[in-house]
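A.B. asks: Compute the structure for the input listed below.
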Amino acid sequence: MILRSHNRYDYVPITQRPVYDWPNGARLAVYVGLNLEHFAFGEGLGAELAPGGPQPDVLNFAWRDWGNRVGAWRMLELLDRLGWPCSVLLNSAMYDYAPELLAAHRARGDEFVGHGRTNAERQGVLDEAGERALIEEATATIARHEGRSPAGWLGPWISESRVTPDLLQEAGYRYLLDWCMDDQPIWFRTRHGRILAVPYPQELNDIPMIVGRKLGGDDFADMIVDQFDEMLEQAEAQPLVMGIALHPYLVGQPHRLRHLRRALAHVAGRRERLWLTTAGAIAAHAAALPAATVPGG
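C.D. replies: As a prediction, this is how the structure comes out:
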């Protein structure tokens with residue numbers, strides 16, 4: 001039986017790949033993907049704290065909005081205290097809605113990653129022309145405010161069509177975060193070249209764990225600690241990437257933030273063989289390695 005394939009990358013066991021180091025001899029690269037998202041009021045998609053009622057769904061809209069008004073600022077304080085950079089996964093609508101928040105991340109020198117226009121929509125349901133227009137609009141908005149286009153992309157709701165990697169590569173993107181199939185960067189084939197897939201977590205991600213599986217903040221923090229301790233040991237054999245996906249309206253809540261502080265401090269306190277960095281820096285380092293060092297397509 002021949003199964004349909006995406007044909008983006010080849011299968012290569014992680015135990016049978018070239019060994020390399022991250023900068024300064026580090027073996028484990030850790031980054032925070034901080035999702036800064038804005039949602040339409042009274043229509044479209046959105047994570048739900050409680051079962052959604054008729055629109056306008058004031059309860060769930062206001063819960064998410066708390067993240068931009070309060071939670072995101074508490075997250076900034078935590079990252080500043082730890083001296084930890086982050087990759088801001090950015091809905092371009094945030095420039096109009098919360099410019100002060102983006103200015104604060106800009107002042108830190110954080111990376112801005114394309115994350116669509118708004119998380120009230122998915123790109124994977126659009127036709128090719130519509131998806132191209134969405135990518136172009138979000139990219140142009142970020143470039144206009146930041147002075148350069150983003151290098152990386154995460155689809156709203158991790159939504160892709162069958163041509164998304166092609167469209168991103170053609171739009172000048174150097175990496176994408178939508179695929180969670182590996183612990184190392186992997187080259188993807190596209191119709192006009194290659195694009196890197198940098199690991200983005202679906203386990204170490206507060207939406208699937210806290211909203212989907214109903215874990216408490218203490219359990220999610222324990223996951224971060226256990227993931228880090230185990231991956232730091234595994235990374236002695238080959239370089240690995242550990243991402244932590246966070247949303248301010250979830251982990252910015254005080255009762256969860258207390259536990260997140262503990263977990264991130266644990267990671268930041270183990271500097272040996274560790275690279276606290278951004279997704280973009282990981283992609284740039286991997287892309288600069290000798291040919292065939294990074295597997296994929």
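A.B. asks: Check what pLDDT D222 gets.
C.D. replies: On the pLDDT scale, D222 is placed at 98.
A.B. asks: got the contact list for the nearest residue to it once chain neighbours are set aside?
C.D. replies: Closest residue to D222 apart from its sequence neighbours, by C-beta to C-beta, 6 or more residues apart in numbering: A263 at 7.5 Å. From N, CA and C alone the C-beta is placed, and that goes for glycine too. By C-beta atoms under 8 Å, 6 or more residues apart in numbering, the contact set of A263 is 220-222, 224-225.
A.B. asks: now, which of those sits nearest Y175?
C.D. replies: I224 (23.0 Å; C-beta to C-beta).
A.B. asks: State the distance from the closest one to G217.
C.D. replies: Distance from I224 to G217, counting by C-beta to C-beta, to the nearest Å: 11 Å.
A.B. asks: overlap in contacts of the two?
C.D. replies: Counting by C-beta under 8 Å, 6+ apart, the common neighbours of I224 and G217 are L260.
A.B. asks: So, low pLDDT: which residues of the stretch 1-150 of the chain?
C.D. replies: The model of the stretch 1-150 of the chain has no residue with pLDDT under 70.
A.B. asks: one more time with 80
C.D. replies: Judged by pLDDT under 80, the stretch 1-150 of the chain has its weakly predicted residues at 1, 52.
A.B. asks: tell me the secondary structure for A263?
C.D. replies: When classified by DSSP: H, G, I helix; E, B strand; the rest coil, A263 comes out as helix.
A.B. asks: which residue ranges form the helices in the stretch 1-150 of the chain?
C.D. replies: 58-66, 72-82, 94-97, 99-108, 128-146 (DSSP state H, counting those that start in this stretch).
A.B. asks: Can you lay out those as a markdown table showing distance to V12 and mean neighbour count?
C.D. replies: Shown next, in a markdown table, are the helices of the stretch 1-150 of the chain (distance: least, C-beta to C-beta, whole Å; neighbours: other C-beta atoms under 10 Å):
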| stretch | distance to V12 | mean neighbour count |
| --- | --- | --- |
| helix 58-66 | 39 | 16 |
| helix 72-82 | 34 | 17 |
| helix 94-97 | 38 | 16 |
| helix 99-108 | 36 | 14 |
| helix 128-146 | 29 | 16 |
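A.B. asks: Would you mind saying which of those helices lies nearest D183?
C.D. replies: Of the helices of the stretch 1-150 of the chain, nearest to D183 by C-beta to C-beta is helix 72-82, at 23.0 Å.
A.B. asks: which residues touch the closest one?
C.D. replies: 32, 34, 36, 85-86, 98, 101, 104-105, 108, 246, 248, 251-252, 254, 257, 260-261, 264-265, 268.
A.B. asks: cool, stretch 205-225 as well?
C.D. replies: With C-beta under 8 Å, 6+ apart, stretch 205-225 has contacts from 47-49, 202-204, 244-247, 250-251, 253, 255-260, 262-264, 266-267.
A.B. asks: Among those residues, name the ones in helices.
C.D. replies: Secondary structure from DSSP state H places 250-251, 255-260, 262-264, 266-267 of the contacts of stretch 205-225 in helices.
A.B. asks: which one of those is nearest P18?
C.D. replies: Distances from P18 to these, taken by C-beta to C-beta, are shortest for V267, at 26.4 Å.
A.B. asks: Checking E233 next. Helix, strand or coil?
C.D. replies: E233 ends up helix, using three-state DSSP.
A.B. asks: Thank you, goodbye.
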